[in-house]
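**Student:** predicted model and sequence follow; I will ask about them next.
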Amino acid sequence: MIEPKTFYRKLDSLFGKIGREKTGSDFLSKIVKDIENTFGHDLRIGNGRIYQEVDEEYQLIYAQVEKNFRKTILLSSKSVQNALEFKLYIFNDGDMGEDFRNNGIKEYTIPAAIVVKNPDNTWILVFDLKSGWIREEVEFCFNAVRAAINYRLYSEALKNEMEQAAYIQQSLLPSMLPKIPGYEIAGKSIPAELVGGDLYDFYEFDGDSFGLVVGDASGHGMPAALLVRDVITGLRMGMERGMKMVYTLKKLNRVIYKSVYSTRFISLFMAEFEKNGNLFFVNAGHPSPVLVNGNNIEELESTGLIFGALPEISLYSSFAKIHPGGVLVLFSDGIIERQNKKNEFFGLDRLKELIIVNKEKSAQEILNVIISTVEGFGRKSVWQDDATVLVVKKLK
């Protein structure tokens, strides 16, 4: 095990190289060499290589040592999908990661994949872990390095404050929707400008339960992006620590109220789902989600004030149930307030009718119909407000 002071000193030195290295076609290959030169012996890593996404596959663009590495790997492969989902993945489970394994050496090694990206490209850096590697050290180092590389790649690509704000916001939204047994989930958020104030997130709990949140921050630009960052980060911390929903949200409200540079107001709807369809929710001033069970329609109405207006707010949870075949649609006001040429709002009634007519379709199909219909209602003009839709369907 590497001595902590030595570890941090080497890591700091590596961060300096990542920050100083000139970006260009060979930027990542130089960083891969630096990672091996700095931590190869201590972390038991080697054979660094780089795959870049091209169309529907990942192509090998660099290998520090020419070995029997695959030249191309399909985007749809399990190895690539695991790497993309978790951003850092160590393939030490049987046949997992076979696409990344080095079949040209006799020594048994385990591939570890790190995903880095900028607004235009995605790369997977792969290293072989040799006998004697320690998970905690490897994960800590690779996660820290991944964050430093991503920051540098995006800093070079983004030219102004608004682009940076957009990155802050988009980097916090889920890159992949969760796969929950017994449910279908689909979601999409469309910012009216480069940076918007809508957010959504998911939480997978132990057992057969999961949670989600959707919100709408006031304003646009960097202040809205900062508020989105604070909210998503605060909720993730609270949920991971097993805090109760109402307690977490009240504590978050106090943080938002004290904010100085970020916008001060945000509506939030948060729900926790059980396997049997029970759902417990808190609605802090957000447009009421629509729950359709058969021919029954229910609005999950507000249970408290919008966040940020007062340091202490009254907030309580409520209960609903989504039956097999039932559909829950969550949305921001950009959906129901989209206007046509007569300045009429799309409105909640049209949305309800749309959900009922299409309730037998999959969650993704319902989402697509809502977005395309609302967009067409506004003559496919630019969105005047951020628009977000989440669809949760309970499978029969």
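**Tutor:** Perfect, I can see it now.

**Student:** for the stretch 101-250 of the chain, what spans make up the strands?
**Tutor:** 110-117, 122-129, 183-190, 198-204, 210-217 (DSSP state E, counting those that start in this stretch).

**Student:** would you turn those strands into a markdown table with distance to residue 321 and mean neighbour count?
**Tutor:** For every residue, glycine as well, the C-beta is placed using N, CA and C. Shown next, in a markdown table, are the strands of the stretch 101-250 of the chain (distance: least, Cβ to Cβ, whole Å; neighbours: other Cβ atoms under 10 Å):
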| stretch | distance to residue 321 | mean neighbour count |
| --- | --- | --- |
| strand 110-117 | 38 | 22 |
| strand 122-129 | 40 | 23 |
| strand 183-190 | 13 | 19 |
| strand 198-204 | 20 | 20 |
| strand 210-217 | 16 | 24 |
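
**Student:** dump the residue contacts of residue 45.
**Tutor:** 35, 36, 39, 112, 127, 128, 129, 130, 133, 138 (Cβ atoms under 8 Å, 6 or more residues apart in numbering).

**Student:** what sits against the first one?
**Tutor:** Which is residue 35. Per Cβ under 8 Å, 6+ apart, neighbours of residue 35: 14, 45, 48, 127, 145.

**Student:** what strand or helix carries it?
**Tutor:** helix 27-43 (DSSP states H and E).

**Student:** buried residues, that helix. List them.
**Tutor:** Residues of helix 27-43 classed as buried by neighbour count (16 or more other Cβ atoms under 10 Å): 27-36, 38-40, 42-43.

**Student:** which one of these is nearest residue 205?
**Tutor:** residue 43 (32.5 Å; Cβ to Cβ).

**Student:** let me know the pLDDT of that closest one.
**Tutor:** Residue 43 is assigned a predicted lDDT (pLDDT) of 94.

**Student:** next one: residue 37
**Tutor:** 94.

**Student:** just the buried residues of helix 27-43 now: which is nearest residue 290?
**Tutor:** Of those, the one sitting nearest to residue 290 (Cβ to Cβ) turns out to be residue 28, at 46.2 Å.

**Student:** state the distance from the closest one to residue 125.
**Tutor:** As for residue 28, its distance to residue 125 is 7 Å (criterion: Cβ to Cβ, to the nearest Å).

**Student:** same thing with residue 12?
**Tutor:** 20 Å.

**Student:** just residue 297 next, same as before
**Tutor:** For residue 297 relative to residue 125 (Cβ to Cβ), the value is 50 Å.

**Student:** same thing with residue 15?
**Tutor:** Residue 15 is 16 Å from residue 125, by Cβ to Cβ.

**Student:** give me the sheet partners of the longest strand along the chain and which way each runs.
**Tutor:** Ranked by number of residues, the top strand in the chain under DSSP state E is strand 45-54. In the sheet, strand 45-54 lines up against strand 57-63 (antiparallel), strand 122-129 (antiparallel) (DSSP bridges).

**Student:** quick one: contacts of the helix or strand containing residue 9?
**Tutor:** For residue 9, the host element (DSSP H and E) is helix 4-20. For helix 4-20, contacts defined as Cβ under 8 Å, 6+ apart pick out 31, 34-35, 38-39, 42, 137, 141, 144-145, 148-149, 152.

**Student:** count of residues packed around the residue nearest to residue 273 when sequence neighbours are not counted?
**Tutor:** Spatial nearest neighbour of residue 273, chain neighbours left out: residue 279 (4.9 Å); criterion: Cβ to Cβ, 6 or more residues apart in numbering. Residues near residue 279, counting by other Cβ atoms under 10 Å, number 23.

**Student:** residues touching residue 279, list them.
**Tutor:** Residue 279 neighbours (Cβ under 8 Å, 6+ apart): 271, 272, 273, 319, 320, 321, 322, 328.

**Student:** pretty sure the third one contacts residue 204?
**Tutor:** No - counting by Cβ atoms under 8 Å, residue 273 stays clear of residue 204, with 10.6 Å between them.

**Student:** overlap in contacts of those two?
**Tutor:** Joint contacts of residue 273 and residue 204 (Cβ under 8 Å, 6+ apart) are 180, 210.

**Student:** can you pull out the helices in the stretch 151-300 of the chain?
**Tutor:** 161-172, 221-240, 245-257 (DSSP state H, counting those that start in this stretch).

**Student:** and the ones you listed, which one is worst for confidence?
**Tutor:** helix 161-172 (a mean of 71).

**Student:** residues contacting residue 76?
**Tutor:** residue 56.

**Student:** so it: helix, strand or coil?
**Tutor:** coil (DSSP: H, G, I helix; E, B strand; the rest coil).

**Student:** for the residue lying closest to residue 100 once chain neighbours are set aside, give its distance to residue 31.
**Tutor:** Excluding the flanking residues, the one nearest residue 100 by Cβ to Cβ, 6+ apart is residue 111, at 3.9 Å. Distance, residue 111 to residue 31, using Cβ to Cβ: 18 Å.

**Student:** what's the answer for residue 133, then?
**Tutor:** 20 Å.

**Student:** for residue 239, find the nearest of the strands of the stretch 101-250 of the chain.
**Tutor:** When the strands of the stretch 101-250 of the chain are compared (using Cβ to Cβ), the closest one is strand 198-204, at 4.5 Å.

**Student:** that closest one vs strand 183-190, what angle?
**Tutor:** 160 degrees (axes from the mean of the first three to the mean of the last three Cα atoms, to 10 degrees).

**Student:** and residue 178, what does it touch?
**Tutor:** 185, 202, 204, 210.

**Student:** from those, which is closest to residue 309?
**Tutor:** Closest to residue 309, out of all of these and judged by Cβ to Cβ, is residue 202, at 26.7 Å.

**Student:** having no further points to raise, I will conclude here.
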